[in-house]
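# no FASTA, just this:
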């Protein structure tokens, strides 16, 4: 992936290695939802070390990376949403929940090349306009569990930027070593 990311900043709790990778796998594949709450608490503490309370309140909305409806049915939950829900409760920042969805059933990103990841996620998300929610001028924090090349969040950023979002920051649990080089 090129370094032309549409988000301004990324904040990761740590690299994708133990113990974070173990907790993420427990959450995603073993349905240990308490692991998501623990990860969110650790992320919150990390955010509070990086940002002042006033800076955190500059974020208008939190947005969990959506899962496709089929994947959501299979897994039974969205791991990013669990982390987002907990951050919402702990930080008091509102969430954007129903307006953005994943409209394209994509292949799993794991194992795909950077170029294939970008193609896989092209036009993967959609926005449903509501009379009470406008994104124009908003500062949004996207919540995800793992960021590798940034292809998923960048695809989501394209949609948000088209809707007039002012700034986008990514809060994630971990980054893979590849993303350390790719996502600046």
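Thanks, I have the structure now. Since the structure is predicted, the reported quantities are computational estimates derived from the model, not experimental observations. Numbering: from 1, shown residues only.
# show me the shaky parts of the chain.
Low-confidence segments of the chain, defined by pLDDT under 70, span residues 1-3, 107-108, 112, 178-184.
# one more pass at 50, please.
Residues of the chain that meet the criterion pLDDT under 50 lie in 1-2, 179-184.
# where is the longest helix in it?
Counting residues, the longest helix in the chain under DSSP state H turns out to be helix 33-50.
# could you point out which element follows it?
Sequence-wise, the next helix or strand downstream of helix 33-50 (DSSP states H and E) is helix 53-56.
# pull out the buried residues from that following helix.
Within helix 53-56, the residues scored as buried using 16 or more other CB atoms under 10 Å are residue 56. Yep, even glycine has a C-beta here, placed from its N, CA and C like the rest.
# which residues touch that helix?
Residues outside helix 53-56 that contact it (CB atoms under 8 Å, 6 or more residues apart in numbering) are 47-48, 91, 93.
# now the residues you listed as TSV including neighbour count and distance to residue 163?
As requested, the contacts of helix 53-56 are arranged in TSV below (neighbours: other CB atoms under 10 Å; distance: CB to CB, whole Å):
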residue	neighbour count	distance to residue 163
47	19	24
48	14	29
91	19	23
93	19	18
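# return the residues in contact with residue 175.
Residue 175 is in contact with 10, 12, 14-16, 146-148, 183, counting by CB under 8 Å, 6+ apart.
# at 7 Å what do you get?
The neighbourhood of residue 175, defined by CB atoms under 7 Å, 6 or more residues apart in numbering, consists of 12, 15-16, 147, 183.
# counting neighbours, which of those residues comes out on top?
Among these, the one with the most neighbours (other CB atoms under 10 Å) is residue 147, at 27 neighbours.
# so it sits against residue 172, correct?
Yes - the pair residue 147 and residue 172 qualifies as a contact (CB atoms under 7 Å) at a distance of 4.7 Å.
# overlap in contacts, the two.
Shared contacts of residue 147 and residue 172 (CB under 7 Å, 6+ apart): 10, 12.
# the strands in this structure, which residues?
Counting by DSSP state E, residue ranges of the strands within the chain are 9-15, 61-64, 100-102, 125-127, 139-147, 167-175.
# what sits up against the second one?
Strand 61-64 is contacted from outside by 78, 80-81, 84, 87-88, 93-96, 100, 138, 140-143, using CB under 7 Å, 6+ apart.
# would you reformat the strands of the chain as a markdown table and include distance to residue 36?
Formatted as a markdown table, these follow (distance: least, CB to CB, whole Å):
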| stretch | distance to residue 36 |
| --- | --- |
| strand 9-15 | 13 |
| strand 61-64 | 11 |
| strand 100-102 | 19 |
| strand 125-127 | 22 |
| strand 139-147 | 8 |
| strand 167-175 | 9 |
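# for those strands, which one sits closest to residue 27?
Ranking these by distance to residue 27, with CB to CB as the measure, places strand 139-147 first at 7.4 Å.
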